[in-house]
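K.L.:
Using only what follows, build the 3D model:
(one chain, ligands or ions: 2)
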Amino acid sequence: MQDLFDIHDEDGVWQEALGSGATWIHGFLVAHADEVMAEIDRVVAQAPYRHLSTPGGKRMSVAMSNCGAEGWVSDRAGYRYQTIDPLTATVWPAMPARLRALAQQAAGDGGYPGFEPTVCLINYYAPGARMGLHQDRDEANLTAPIVSFSLGLPATFIWGGWQRVGKTQRIMLRHGDAVVWGGEDRLRFHGVAPLKDGEHAVTGRARINLTFRQTK
Ligand code: MD6
Ligand code: FE
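P.N.:
Ligands and ions are numbered 1, 2, ... in the order given. Model (predicted):
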């Protein structure tokens, strides 16, 4: 999928356009993976991973946590952001400054300077976990991009269009990849195919995905 618009650095980090508003930054996090994992471990020690229920009552296969001023939650009452973690009944752990800085750097590299993430949603995929096709539209501010970081086992990411039905593209997100998407791509449908089993030096038998969002 490389084309004339790919931008290559000297350090094995390179960019690929996924759409007019979306940039895939291959290898962005590779050099920072251990410190990012350590920050995630500190967050989930305070706000453990949990399997949320969909509004329809189904248990999600992906386990989730959050850090930042708000967190994304789902239950019988619907999908929303809230300042209190329903599991611990306290505020979410603060967003680590280093994670925030890396997300801002990725956003800037992807063409969105001035990104001010308020939430980092942490998705934990064990083998077999998947995420159905969805749009991210629970954020009050849909003009800001979302920055996604992937760690650990590779996953097939399904990149669709603006309707639930229709043509989709499958891309393999690997350890250390970042995707920055905003603009006209912000409301694309997307999902993750069931995670293939494997073992990764940084995450073990898992994939971890962080998505930084500006909810306000
Ligand atoms: C995942 N990501 O990669 C799920 N949403 O595990 C998302 O659902 C997502 O990567 C909005 C923007 C970027 C994403
Ligand atoms: Fe999403």
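
K.L.:
Touching, Val44 and Cys120? I think so.
P.N.:
No: look at Val44 against Cys120 with Cβ atoms under 8 Å: they stay out of range, at 11.7 Å. Yep, even glycine has a C-beta here, placed from its N, CA and C like the rest.

K.L.:
Show me which residues of stretch 63-71 are buried.
P.N.:
Under the neighbour-count criterion of 16 or more other Cβ atoms under 10 Å, stretch 63-71 has Ala63, Met64, Ser65, Asn66, Cys67, Gly68, Ala69, Glu70, Gly71 buried.

K.L.:
correct me, but the fifth one touches Trp92?
P.N.:
Yes: counting by Cβ under 8 Å, Trp92 is a contact partner of Cys67 at 5.6 Å.

K.L.:
Common neighbours of those two, please.
P.N.:
Jointly contacting Cys67 and Trp92 under the rule Cβ atoms under 8 Å, 6 or more residues apart in numbering are Ala47.

K.L.:
Which residues of this structure lie near ligand 1?
P.N.:
By Cβ under 6 Å from any ligand atom, the residues of the chain that approach ligand 1 are Asn123, Met131, Asp136, Ile146, Ser148, Phe157, Val179, Trp181, His190, Val192, Asn209, Thr211.

K.L.:
ok now the helix or strand containing the last one, how far from the chain's centre?
P.N.:
Right, the one you point to is Thr211. Using DSSP states H and E, Thr211 sits within strand 207-213. The chain centroid and the centroid of strand 207-213 are separated by 3 Å, computed with Cα atoms, centre = their mean, to the nearest Å.

K.L.:
Show the pLDDT at Met1.
P.N.:
With respect to pLDDT, Met1 scores 47.

K.L.:
actually Gly12, sorry about that
P.N.:
Reported pLDDT for Gly12: 86.

K.L.:
just use 24 as the starting number from now, easier for me
P.N.:
Sure, I'll start numbering at 24, so the last one becomes Gly35.

K.L.:
so it touches Ile48, yeah?
P.N.:
No: counting by Cβ under 8 Å, Gly35 stays clear of Ile48, with 11.3 Å between them.

K.L.:
how about low-confidence regions in this structure?
P.N.:
24-33 (pLDDT under 70).

K.L.:
Which parts of it are helices?
P.N.:
For the chain, the helices defined by DSSP state H cover 56-69, 120-132.

K.L.:
can you put the ones you listed in JSON lines and add mean neighbour count?
P.N.:
Listed next are the helices of the chain as JSON lines, based on neighbours: other Cβ atoms under 10 Å:
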{"stretch": "helix 56-69", "mean neighbour count": "16"}
{"stretch": "helix 120-132", "mean neighbour count": "18"}
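
K.L.:
Take the ones you listed and write them to TSV, including distance to Pro150.
P.N.:
As requested, the helices of the chain are exported to TSV (distance: least, Cβ to Cβ, whole Å):
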stretch	distance to Pro150
helix 56-69	19
helix 120-132	25
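
K.L.:
Compare those helices and report which one is nearest to Glu39.
P.N.:
helix 120-132 (12.2 Å; Cβ to Cβ).

K.L.:
Show me the contact partners of the closest one.
P.N.:
Residues from elsewhere that reach helix 120-132 (Cβ under 8 Å, 6+ apart): 38, 46, 48, 51-52, 55, 58-59, 62, 90, 136, 138-140, 143, 168, 170, 172, 201, 203, 233, 235.

K.L.:
which residues touch Gln192?
P.N.:
Ile181, Trp182, Gly183.
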